[in-house]
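>>> Test case, fold it:
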Amino acid sequence: MKRFLLWALCFAFATPLAAQDIGLELGTKPGAATVETLDGAPVDLAQFVGKKPVLIEFWATWCGNCAALEPTMLAMHKKYGAQVEFLGVAVSINQSVSRVKAYVAKHQLPWTQLFDRKGEAGGAYDAPATSYVVVLDKTGTVVYTGLGGDQDLESALKKAIAP
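Numbering: from 1, shown residues only. The predicted model follows:
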């Protein structure tokens, strides 16, 4: 029995997850969540939803996949930043607001950065790990979820922007 469980566990982790296999289900709307600005002011994520499409990345300064995804995020922000609200939600695990601020400044991340001190957003958005991206259309409906440093964010954004 132990061998079977070990084999099943190894197989489960050997099979890579594809976009849409994790997190929120497509077609749903995320729950309410309050996070903080990097200056400590409370912010309801709902204030960003329902005006235009939104891309949210749950990230951390220590996350290798997040660093790998960063060039794609920068390119997508440059190309779609006027049409899509980009949000970075830094998780509070093993990092502080000051560490997040320093990272954002050093890497010149131009989109809104928030801090999930209590894990509310991670729970509401069913974030399984850092480098988790959720894309919502202008109605606030989930059109994409993905995980990892190599995600096709352009296709997700095109889907969110489409009428």
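>>> All the helices of this protein, residue numbers only.
2-14, 64-80, 97-107, 120-124, 153-161 (DSSP state H).
>>> Who does the residue nearest the centre of the chain form a beta bridge with?
Central residue of the chain (CA atoms, centre = their mean): Glu57, 2.1 Å from the mean position. Beta bridges link Glu57 to Gly88, Val133, judged by DSSP bridges.
>>> Now do the same contact list for it.
Taking CB atoms under 8 Å, 6 or more residues apart in numbering, we find Glu57 in contact with Cys66, Leu69, Met73, Phe86, Leu87, Gly88, Val89, Ser131, Tyr132, Val133. Placement of C-beta: from N, CA and C, glycine included.
>>> Quick one: neighbours of the first one, just the number.
Read it as Cys66. Burial of Cys66 is recorded as 24 neighbouring residues (other CB atoms under 10 Å).
>>> what's it in contact with, if anything?
Listed by CB under 8 Å, 6+ apart, the contact set of Cys66 reads Glu57, Trp59, Ala60, Thr130, Ser131, Gly149.
>>> rerun that using 10 Å as the cut-off
Contact analysis of Cys66 by CB atoms under 10 Å, 6 or more residues apart in numbering lists 57-60, 73, 88, 90-91, 103, 129-132, 148-149.
>>> Could you identify the most distant pair in the residues you listed?
Tyr103 and Gly148 (19.3 Å; CB to CB).
>>> show me where pLDDT drops low in this structure?
Applying pLDDT under 70 to the chain flags the ranges 1-21.
>>> just to revisit the earlier point, packed most tightly, which of the helices of the chain would that be?
helix 120-124 (a mean of 19; mean count of other CB atoms under 10 Å).
>>> Just name the closest of the contacts of Glu57 to Lys118, please.
Looking across the contacts of Glu57 and measuring by CB to CB, the closest to Lys118 is Val89, at 12.0 Å.
>>> ok, the closest one touching Ser131?
No: with contact defined as CB atoms under 10 Å, Val89 does not reach Ser131; the gap is 11.7 Å.
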